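*Asks:* Sequence plus the predicted model coming up.
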Amino acid sequence: MEANKVKWMIKKDLLYMWRHKVQFVSILFFPIIMVALCGWGMGGSVENTPVVIVKQSSGDITDLTINAIKSDQTYDVKDIVSDPDEAKEDVDNGKYKAAIILPANYEENTTRNAVLYIDSSQQMTTQTLVPITQQIFASISENIATQQVNANTNPGIVQQAANAINLQVNKIFGDIDYMDYLLPGVLAMTMYMSSMMTMGNTIAGERERGELARLFMTPTSVSTVIAGKIASQIIQQLISAFVLIVSAVLIFNVTINGSYLLLFLVILISLFCFVGFGMMFSATAKTQEDYMHMIMPVAMPMMFVSGVFFPVETMPLFLQKLSYILPLTYSNNAFRSVMLQGGGLGDIGIDLLILIVFGLIFFIIGVSRFDRDI
């Protein structure tokens with residue numbers, strides 16, 4: 001091995017990286033972004049979960065309970081109402097994550113009950129909220145018992161004081177299996193990443209090999225070429241998504257609660273958006289390598305911010321706000337609504353509309369940028 005030539009090769013590659021600013025910036029900042037997002041996502045805890053309290057009783061114990069819930073940073077008490085059906089409907093519609101119901105007989109010693117009505121489709125939120133709520137009511141029971149025992153030595157009163165508050169947990173969708181919870185996010189992530197990777201070869205790769213130049217020697221418009229590329233990629237990714245779902249159902253016995261036809265619609269619209277997103281970047285990339293360095297600092301962080309791996313609620317507030325402008329967030333929401341909650345078109349209509357708008361924007365930007373570079 002010739003040391004001088006090795007040094008020359010190293011110098012050449014470093015100069016190439018320096019002159020290609022996209023590659024240089026990607027190598028420099030991509031690791032920092034990934035470490036920061038992993039730390040914020042994995043290190044976060046469930047806080048400020050929107051809940052509603054149903055208050056059907058009045059008294060010291062009711063006030064004590066409400067104050068205890070409000071003082072815990074896990075909860076964000078959005079409203080206090082008197083109608084349990086109204087509160088449950090708001091939880092069903094996604095307005096709140098849970099409803100804590102204090103019934104009319106809550107102040108009575110022998111029949112002190114409470115209900116936690118919770119949306120169990122968010123596994124991490126459920127696993128956090130249920131034990132914390134149980135702990136709060138256990139602590140309140142202990143305080144009440146201590147006060148009653150100290151105030152009265154009658155054996156009957158002491159026995160009543162020992163009766164803890166009974167918290168009944170009603171999970172809307174039951175105990176969701178981990179694989180059932182994981183599949184919607186994995187499906188969205190797989191479609192997203194596959195669309196990103198294949199678009200690099202479809203447009204940037206063909207440009208690098210000179211195939212696009214030969215194609216545009218024919219009387220073919222840019223919009224026609226891009227529409228054809230998007231359609232062909234959607235067909236390929238539909239096959240991949242079908243294989244993934246069938247494998248999950250057959251091998252891991254995953255349950256899909258919603259309509260398969262609606263699930264197909266979510267897949268189709270999501271792919272339209274994701275393929276358009278990749279096309280927008282590949283429209284200006286001169287080589288596949290440039291495309292990869294352009295897309296990775298955007299594609300990988302988006303998976304962490306969009307709730308694929310970690311609930312958005314566990315992230316800092318600015319990342320929660322950022323998630324609302326990322327298409328993967330709405331695809332993930334739609335998949336979980338259909339597959340876990342059995343949601344209908346009315347439940348995911350807004351998500352699908354936003355994905356369509358994103359896809360059209362990406363298509364328009366891609367066509368306009370293509371015109372400048374070809």
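*Replies:* Right, received. Where do you want to start?
*Asks:* Would you check how far apart residue 143 and residue 53 are?
*Replies:* According to Cβ to Cβ, to the nearest Å, residue 143 stands 19 Å off from residue 53. Any C-beta I mention is one placed from the backbone N, CA and C, and that applies to glycine too.
*Asks:* That should have said residue 116, apologies.
*Replies:* 11 Å.
*Asks:* higher neighbour count, those two?
*Replies:* Neighbours were counted for residue 116 and for residue 53 using other Cβ atoms under 10 Å; residue 53 has more, 22 against 19.
*Asks:* Give me the helices and strands touching the helix or strand where the more buried one lies, please.
*Replies:* Applying DSSP states H and E as the criterion places residue 53 in strand 49-55. Of the remaining helices and strands, those touching strand 49-55 by 3 or more Cβ pairs under 8 Å, 6 or more residues apart in numbering; DSSP states H and E are helix 60-71, strand 75-81, helix 84-92, strand 98-102, helix 123-151.
*Asks:* Next, the buried residues of it.
*Replies:* 49, 50, 51, 52, 53, 54, 55 (16 or more other Cβ atoms under 10 Å).
*Asks:* Go ahead and name everything in contact with that strand.
*Replies:* Strand 49-55 is contacted from outside by 62, 66, 69, 74-84, 87, 90-91, 95-102, 125, 128-129, 313, using Cβ atoms under 8 Å, 6 or more residues apart in numbering.
*Asks:* Using the three-state scheme, assign residue 170.
*Replies:* strand (DSSP: H, G, I helix; E, B strand; the rest coil).
*Asks:* Give me the nearest residue to it, chain neighbours excluded.
*Replies:* Closest residue to residue 170 apart from its sequence neighbours, by Cβ to Cβ, 6 or more residues apart in numbering: residue 117 at 4.8 Å.
*Asks:* my guess is the one you found is in a strand, correct?
*Replies:* Yes - assessed with three-state DSSP, residue 117 lies in a strand.
*Asks:* For it, give me the pLDDT.
*Replies:* Here the pLDDT value assigned to residue 117 is 94.
*Asks:* neighbours of it, just the number please.
*Replies:* Count around residue 117 with other Cβ under 10 Å applied: 23.
*Asks:* Who are the contact partners of it?
*Replies:* 84, 87, 88, 91, 98, 99, 100, 101, 170, 172.
*Asks:* I would like a PyMOL command selecting only the buried ones among these, please.
*Replies:* Listed next is the PyMOL selection for buried residues among the contacts of residue 117, using 16+ other Cβ under 10 Å:
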select buried, resi 84+87+88+91+98+99+100+101
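*Asks:* which one of the contacts of residue 117 is nearest residue 107?
*Replies:* residue 101 (14.2 Å; Cβ to Cβ).
*Asks:* now the contacts of residue 117 as TSV including pLDDT and distance to residue 298?
*Replies:* Output for those, formatted as TSV (pLDDT from 0 to 100; distance: Cβ to Cβ, whole Å):
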residue	pLDDT	distance to residue 298
84	90	45
87	91	40
88	91	40
91	91	35
98	92	34
99	93	38
100	93	40
101	92	44
170	91	41
172	87	35
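*Asks:* Name the helix or strand for residue 227, please.
*Replies:* helix 222-252.
*Asks:* Name the next helix or strand downstream of that helix, please.
*Replies:* Counting by DSSP H and E, what follows helix 222-252 is helix 260-282.
*Asks:* Just the pLDDT at the residue at minimal distance from the centre of the chain, thanks.
*Replies:* Most central in the chain under Cα atoms, centre = their mean is residue 307, positioned 2.4 Å from the mean C-alpha point. Per-residue confidence (pLDDT) for residue 307: 78.
*Asks:* wait, it sits on residue 188?
*Replies:* No - contact criterion Cβ atoms under 8 Å: residue 307 and residue 188 do not qualify, at 9.4 Å.
*Asks:* Need the overlap of contacts for the two.
*Replies:* Counting by Cβ under 8 Å, 6+ apart, the residues touching both residue 307 and residue 188 are residue 332.
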